[in-house]
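3D, please:
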Amino acid sequence: MKQEHTEKAGRANGLVTDSDMSYPNLLMGDGARLEETKKRVEKGDPAVINAFKEIVDLAEAALCSPIGSVTEKLDLPPSGDRQDYLSLAPYWWPNPDTIDGFPYVWRDGVENPRRNESDIGRMETMIYSVCSLSVAYYFTGNETYAKNAAERLRVWFLDQRTRMYPNLKYAQTRLGHGKTNFGGIIEATRWRWMLDAAILLELSDAWSQKDAEGLRQWFGEFGDWLVESPEGIEESWSANNHGSWYSMQLLLCSMYSGNLDRANKLLEEMPRRISTQYFMDGRQPYEIIRSAGLHYSNYNNLAFVDIGRMALKLGFDLFSFECSDGRGLRLGMEYCASFLTCEKQWPAQQVRPIAMWRVAETYWRASKGFNEASFVDLVRKLPEKNLPLAITRLLDPLPSEWEPLY
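Numbers count the residues shown, from 1 in each chain. You can find the predicted model right below:
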């Protein structure tokens, strides 16, 4: 649903400016509340201080870790070029019925540890380091953090000798099959907070305008690859969470690179994608059949929550959308809630523990999308006081008038 008025926070890039203040135009986070959050940190507000301390600890650790590049891998992708990203499919294992183990076979929900030897490990380190360093820089003003984050981004995305080419053609390669795997595109979901981190970095002299324009161009080219490549086109057709996360990635890249025509066109099509994902009772037909059905149901909900939160900045309200029979994101989240808090037993398979921080992330961010504190009640019921990522709690804090979780 398109709102009648588009908030100024929906501008493509730079600072959002109104008559009273200017603030970083975050895509995932709440840029308008950054200055307020910084003041709460300075006062030691328990609602944010623990997240701040966690981010600073992570940033300090990142300063001591090596700066990685996609060119450091030992195995070459099929292209023969080290600057093409290469990772191994997580649920594919050596074939027990062949001498050499090829072709690999599928074991749903059971991750092959050899995957960590490919580019995925280095990319994750880069992303988590950039996020913690950039956010720590914003809240402390320490340029050492900004310089390290800037160098990591340059090495991975901008330096002509070490940069990753803007594609994921060889992501989640299935060894022995001789074909690309369009499903590997989902690895780009790890960038979900990194671009907000890069936007904060624009406040530092360590990250030049040329750097910022170069990174926005890189993600614009990646967005082009998503819509034009055979792998991207096939992933866009996926009916399950892969299709949802494809839409989230394309929206994020489009907004960051300033391609708002593409972003608006994507959002106009989102009600149709949402309508195909839920049964009338809230179950998700393409997720419940998986061996980790509850995990993937929440994971799919998080994709729609992220899309919905960004969509609000362009004047689209997907949180109020529902089909004539009630199907929609709200119904899907309400269905999962009692299973995630263990009040009811999940009626299908869940072969591995659920990452409760991701559950907390989903309902925390949804509470602000629906503007209903009731969604945070689920976070309170999670075991061991699980909370969203520290970056979420700082860049997307709950309204101060809501009952605190801490």
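
report the buried residues of stretch 270-288.
Applying a neighbour-count criterion of 16 or more other Cβ atoms under 10 Å, the buried positions in stretch 270-288 are 270-271, 273-274, 277-278, 282-284, 286-288. Every C-beta, even on glycine, is put in place using the N, C-alpha and C of the backbone.

who's in contact with that stretch?
In this structure, residues lying in contact with stretch 270-288 by Cβ atoms under 8 Å, 6 or more residues apart in numbering are 1, 239-241, 243-244, 247, 293, 296-297, 299-300, 304, 307, 311, 316, 318, 321, 323, 325-329, 331-336, 348.

about what we covered before: Serialize the buried residues of stretch 270-288 to a markdown table and add fields for distance to residue 59, secondary structure and pLDDT.
As requested, the buried residues of stretch 270-288 are arranged in a markdown table below (distance: Cβ to Cβ, whole Å; DSSP: H, G, I helix; E, B strand; the rest coil; pLDDT from 0 to 100):
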| residue | distance to residue 59 | secondary structure | pLDDT |
| --- | --- | --- | --- |
| 270 | 35 | helix | 98 |
| 271 | 40 | helix | 97 |
| 273 | 37 | helix | 97 |
| 274 | 37 | helix | 97 |
| 277 | 37 | coil | 96 |
| 278 | 39 | coil | 97 |
| 282 | 40 | coil | 97 |
| 283 | 41 | coil | 97 |
| 284 | 37 | coil | 98 |
| 286 | 38 | coil | 97 |
| 287 | 35 | coil | 98 |
| 288 | 39 | coil | 97 |
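
can you list these in CSV and add distance to residue 381?
Formatted as CSV, the buried residues of stretch 270-288 follow (distance: Cβ to Cβ, whole Å):
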residue, distance to residue 381
270, 29
271, 30
273, 30
274, 26
277, 25
278, 23
282, 18
283, 21
284, 21
286, 27
287, 22
288, 22
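
closest one of those to residue 378?
Using Cβ to Cβ, residue 282 comes nearest to residue 378 of those, at 14.2 Å.

ok, the closest residue to the closest one other than its chain neighbours - contacts?
The shortest distance from residue 282 to any non-neighbouring residue, by Cβ to Cβ, 6 or more residues apart in numbering, is to residue 335 (2.6 Å). Contacts of residue 335 were listed using Cβ under 8 Å, 6+ apart, and they are 281-283, 297.

residue 335 and residue 277: what is the separation?
Distance, residue 335 to residue 277, by Cβ to Cβ, to the nearest Å: 12 Å.

related to what we said a few turns ago, list phi and psi for the residue nearest to residue 282.
With angles defined as degrees, to the nearest 10, residue 335 sits at phi -60, psi -40.

one more: residue 223?
Here is the backbone geometry of residue 223 (degrees, to the nearest 10): phi -60, psi -40.

and residue 220, what does it touch?
Contact analysis of residue 220 by Cβ under 8 Å, 6+ apart lists 253, 257-259.
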